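**Q** When you get a sec, could you give me coordinates for this:
(2 chains)
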Amino acid sequence: MARGEAPTTVEAPFDDVTVGVANAVRELEEVTGRRLLDEAGKLIRPATDQEGVDVYVSTSSAGGGLQMLVMGVVRSMTAESAQRAALGAGAIVMDTICSNDRRLPYQQIQRIRQLRPDMILLAGGIDGGTVSHVAKLAELVRAARPTARLGMGYRLPLVYAGNRLAVPVVREILNGLVDIHEVENVRPVLEIENLGPARDAIHELFMEHVMAQAPGYDKLKTMTDAPIMPTPGAVGKLVEIVARERGISVLGVDIGGATTDVFSVFRGKFNRTVSANLGMSYSVGNVLTSAGYSNVARWGWVDLPEQEIRNRVKNKIIRPTTIPQLLEDLVIEQALAREALRLSLQQHKEFATTLKGVQMRRTVADAFAQTSSGQTLVNMMELDLIIGSGGVLSHAPLREQAALMMIDAFEPLGVTQLAVDSIFMMPHLGVLGELAPEAAMEVFWRDCLVPLGAVVAPAGRMKPGRVLLEARIEGAGEAPQHVVLRGGELLRVELPEGAEAKLVIEPARGMDVGAGRGRRLERRVWGGKVGIVFDGRGRPIQFASDFKQRREQLLAWARAIGALREG
Amino acid sequence: MSGQGGNPFARRMTRNTGVRTLAVLAAMCALPAHVLGASARVLPKEWHHIDVEKLPVFIALVLFGGFYLYLYRQMKAGRSMRLRRLPGIDAVEEAIARATEMGRPVLFIPGINDIDDIQTLAGLNILSHVAYIAAEYDTPLIVACRRSVVLTISEEVVKAASLAAGRPENYIPNNMRYLSDDQFAFTAGVNGIMLRERPASCIYQGCFYSESLILAETGYVSGAIQVAGTANVAQLPFFVAACDFTLIGEEFFAASAYLSRDPTVVASIEAADWLKMAYLLVIFLGVALATALALFPQAEIATLLELLKEIF
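**A** As a prediction, the model looks like this:
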């Protein structure tokens, strides 16, 4: 496995993205010693023993990726489904306009005009449902006369995925103004969500229209063996493939400088959210504001005054590309990362829900527990694998720190495997998965993922010092190991990368590790850089209120997991 | 009330049961026994006009009033009070949103009783909320009434709510329907609306009797999301089984506080809860005294227990 990288050449003076691609491939040639480009700078194909490539795939996030405007009738119904389709296709949803967004029509028109999206997704009404609301949305677009972000003189693509009966009305209103592409309704009935056709249309239009406007992309398109995908869309594809192949629930997170993407597959349903203002450099100030100082400060064991911490965060906003030089800076950065991840997951939980507005069937037994529709799909107890990506996780000075950040932020329950993406290869494997799923999976498990190990966290009422569970680990050493986890503790058991162990967990009365309260659980886990972590800190994690005690607590946890190496 | 009346507590008081009883009462009221003094051997004459039988109501009133004033002041001073989620009320917006997506109307029935029924009033309060949201979503609302007075008030409620939502045009007079004063003629009329106009959501809030299941079943078969609310205990199982969400008993009355978050109303809800807690405490005290009496048969305990029985 080798990696080559080069700065983008999509902007002047080159104005050709393929120049940068060729530079990166040349670096790869130097690393591998294999000739990949011919004299003309084109990829050598077909591959032989000494030179060339079998397959070339590409993803793109040029110019901030695919930026879309989503429109639907009701925010929690068709607009939300449309948003899911756009996010699933890898787009950044700039705004969602709907009938109940509490904005007046002139404000909505103004907003559409300001945005300049790459594409619009218009949904609304079930098949045979409302026409008037959809017509009103189309009229908003007509009044706004939006122009595309890239390219001059080409009509903005609009994917229509709403009520079939409204098609003639929409066509009549928007005739000649936008390039309309009809696909199947995202909500043909309220009980069913049909996102596939809208997603495919978005991918297709991304290639045909959006990418066609970017410098050099027409050349790049002829080089690739699979359609170019928006980078987050490709990551989502891979997460879906992993969950499907292994039959597991997966949570993937990519924490960037400006945004944090969260991907999940629970009960076979894929969801993606983009937390637009939660990131580690450009948006780091917003992390502090959204989480609140006290929430960030609770993770910091360095004794710095509040103003000093705020100043350091502001310095990071001014110089977003810097990395921590001092231990204090690292502690502050990792505290912010925890909060950014926590808030992103919170937003993801609110978005990844069952469908709203469906008719429910009840019995008299439901009288006192009338659950509503729109319950979150994200169940941390069901979760099997967390994959972390992004500089702060993938390039943390110690892998143990990455593991601790993910455990602190996501607070997994039961038994959950942890891993980080080594060199941000997931997008490419997502596209490769379309052509050769087996090869993509093999590379993913062997080279892309850096396994960190597993975390065992019981759910239930935690009391400091009380025994929460007892576990026997078979396969971690020559003899089975016995672990007793008490409230407030964090324990680590080494289990090397590639090794597998059998865990037999006996939770205490009232505690649950996935088999039910007080029920024994047997599970196979794989090892990693950290091994097996037993987390008895409670959910939510219980902190001491006094700073000195909390400092000791945090240091003890960091030392227990190996995230702090003195000397 | 005469001291020789039927109430044994009053009898005992007037027969000069003695300082002991009054001392117990004083202890309960946290008053020192000596305050009563020897002159308390007989009940003062001016006490005789008190209807002791209604004492529990008086105590409840004083307690409730006290709780209410305290909580109201607390709320005014900025203390937030948590109201438990009412899925039935939260579901109203979802039901209207569903109707919007389906391009169909919402049907509302404010019970079948007249305006003098507190349940009808509570139902009309919820109608105001429903009409406001329906106007916001620009979705037609049909209101079916059994009583002409209820219709007139419903019209005003819907008109005002539509206006408040900024969509006065959402009030459509033809959608405000008086069907019949006869219970089952009304029920048949509502069923006809459900089958002909196929509302996507049916909301039943008020007093219902045997027509509840007929309405809810027809609504279910027509594929509507249904939200019901009634204080008629006998009808609740039918609504629970056939509807998506049901406001049960007091939840139905608490809906006003839940929707308005007005300190005056919210404080009354919490004061009522505190009063229930006080009653529970009295019950526990009674159980404890009865148990103690069985174990240690002493006159003081017996008197105290008797006193408790008489008061409550």
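**Q** Please go through the chain and pick out the longest helix.
**A** Just so you know, I chose chain A. In chain A, assigned by DSSP state H, the helix with the most residues is helix A:327-351.
**Q** not what I meant, chain B
**A** With DSSP H setting the assignment, residue counts place helix B:263-295 as the longest helix in chain B.
**Q** Which other helices and strands does the next helix or strand after that helix contact?
**A** Moving toward the C-terminus from helix B:263-295, the first helix or strand encountered (DSSP states H and E) is helix B:299-311. Helices and strands touching helix B:299-311, by 3 or more Cβ pairs under 8 Å, 6 or more residues apart in numbering or on different chains; DSSP states H and E, are helix B:8-14, helix B:19-28, helix B:55-76, helix B:263-295. Using the backbone N, CA and C atoms, a C-beta is placed for each residue, glycine as well.
**Q** Which of those helices sits closest to chain A?
**A** helix B:263-295 (16.9 Å; Cβ to the nearest Cβ).
**Q** the inter-axis angle of the closest one versus helix B:299-311?
**A** Inter-element angle recorded for helix B:263-295 and helix B:299-311: 140 degrees (by axes from the mean of the first three to the mean of the last three Cα atoms, to 10 degrees).
**Q** Spatially, what comes nearest to residue 202 if we skip its sequence neighbours?
**A** Going with chain A. Spatial nearest neighbour of A:Ile202, excluding adjacent residues (Cβ to Cβ, 6 or more residues apart in numbering or on different chains): A:Ala89 at 3.9 Å.
**Q** ah, I was thinking of chain B
**A** B:Gly219 (4.0 Å).
**Q** The one you found looks like it's in a helix, true?
**A** Yes - assessed with DSSP: H, G, I helix; E, B strand; the rest coil, B:Gly219 lies in a helix.
**Q** Surely it is in contact with B:Met194?
**A** Yes - counting by Cβ atoms under 8 Å, B:Gly219 does reach B:Met194; the two are 5.8 Å apart.
**Q** More neighbours: which of these two?
**A** Between B:Gly219 and B:Met194, B:Gly219 has the larger neighbour count (other Cβ atoms under 10 Å in any protein chain shown), namely 27 against 21.
**Q** show me what contacts that one?
**A** Listed by Cβ atoms under 8 Å, 6 or more residues apart in numbering or on different chains, the contact set of B:Gly219 reads B:Leu107, B:Met194, B:Pro199, B:Cys202, B:Gln226, B:Ala242, B:Cys243.
**Q** domains of the chain?
**A** Since you didn't name a chain, this refers to chain A. Per automatic domain parsing, the domain ranges recorded for chain A read A:17-54, A:62-219, A:260-276+A:370-561.
**Q** wait, I meant chain B there
**A** Using automatic domain parsing, the domains assigned to chain B come out as B:1-50, B:52-81+B:262-312, B:87-260.
**Q** Buried deepest among those domains, which one?
**A** domain B:87-260 (a mean of 21; mean count of other Cβ atoms under 10 Å in any protein chain shown).
**Q** Span of that domain from start to end?
**A** The stretch domain B:87-260 measures 16 Å between its terminal residues, going by Cα to Cα, to the nearest Å.
**Q** And it, how far out from the chain middle?
**A** Taking Cα atoms, centre = their mean, to the nearest Å, one finds the center of domain B:87-260 at 18 Å from the center of the full chain.
**Q** now the contacts of B:Gly219 as TSV including secondary structure and distance to A:Leu190?
**A** TSV is the format used below for the contacts of B:Gly219 (DSSP: H, G, I helix; E, B strand; the rest coil; distance: Cβ to Cβ, whole Å):
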residue	secondary structure	distance to A:Leu190
B:Leu107	strand	17
B:Met194	helix	18
B:Pro199	coil	14
B:Cys202	strand	16
B:Gln226	strand	15
B:Ala242	helix	19
B:Cys243	coil	17
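**Q** what angle separates the longest helix of chain B from helix B:55-76?
**A** Going by the same axes, to 10 degrees, helix B:263-295 makes 130 degrees with helix B:55-76.
**Q** Which strand residues bridge A:Ser275?
**A** Here A:Ser275 sits in beta bridges with A:Thr260, as judged by DSSP bridges.
**Q** Just list whatever residues bridge to the closest residue to B:Ser148 other than its chain neighbours.
**A** Excluding the flanking residues, the one nearest B:Ser148 by Cβ to Cβ, 6+ apart is B:Tyr178, at 5.7 Å. On the basis of DSSP bridges, B:Tyr178 is bridged to B:Cys145.
**Q** show me what contacts B:Tyr178?
**A** B:Tyr178 sits next to B:Cys145, B:Arg146, B:Arg147, B:Ser148, B:Leu151 when contact means Cβ under 8 Å, 6+ apart.
**Q** Pick out the residue in the stretch 1-150 of chain A sitting closest to chain B.
**A** In the stretch 1-150 of chain A, the residue that lies nearest chain B is A:Thr130 (3.5 Å; Cβ to the nearest Cβ).
**Q** is it true that B:Ala257 touches B:Ala271?
**A** No - here B:Ala257 does not reach B:Ala271: they are 11.0 Å apart, not a contact under Cβ under 8 Å.
**Q** As a check, name the ranges of all helices in the stretch 351-500 of chain A.
**A** Counting by DSSP state H, counting those that start in this stretch, residue ranges of the helices within the stretch 351-500 of chain A are A:391-394, A:399-410, A:426-435, A:437-443.
**Q** With B:Tyr132 as the reference, name the closest of the ones you listed.
**A** helix A:399-410 (39.5 Å; Cβ to Cβ).
**Q** Low-confidence bits of the stretch 1-150 of chain A, can you list those?
**A** Residue ranges of the stretch 1-150 of chain A with pLDDT under 70: A:62-64.
**Q** Which residue ranges of it form strands?
**A** For the stretch 1-150 of chain A, the strands defined by DSSP state E, counting those that start in this stretch cover A:59-60, A:67-72, A:92-98, A:119-122.
**Q** Can you list the strands that the second one pairs with?
**A** According to DSSP bridges, strand A:67-72 forms sheet pairs with strand A:92-98 (parallel), strand A:119-122 (parallel).
**Q** and what of the shortest one?
**A** Strand A:59-60 has these partner strands in its sheet, going by DSSP bridges: strand A:229-230 (parallel).
**Q** immediately after the strand it pairs with, which helix or strand?
**A** Scanning forward in sequence from strand A:229-230 by DSSP H and E, the next helix or strand is helix A:231-246.
**Q** now for that next one, which elements pack on it?
**A** On a contact count with 3+ Cβ pairs under 8 Å, 6+ apart, helix A:231-246 meets strand A:59-60, strand A:250-255, strand A:260-266, strand A:269-275, strand A:385-389, helix A:426-435, helix A:437-443.
**Q** Measure how far the first one is from the centre of its chain, please.
**A** Pointing back at strand A:59-60 there. Averaging C-alpha positions (Cα atoms, centre = their mean) puts strand A:59-60 16 Å from its chain's average.
**Q** same question, the longest one
**A** When distances are taken as Cα atoms, centre = their mean, helix A:426-435 is centred 16 Å away from the chain's centroid.
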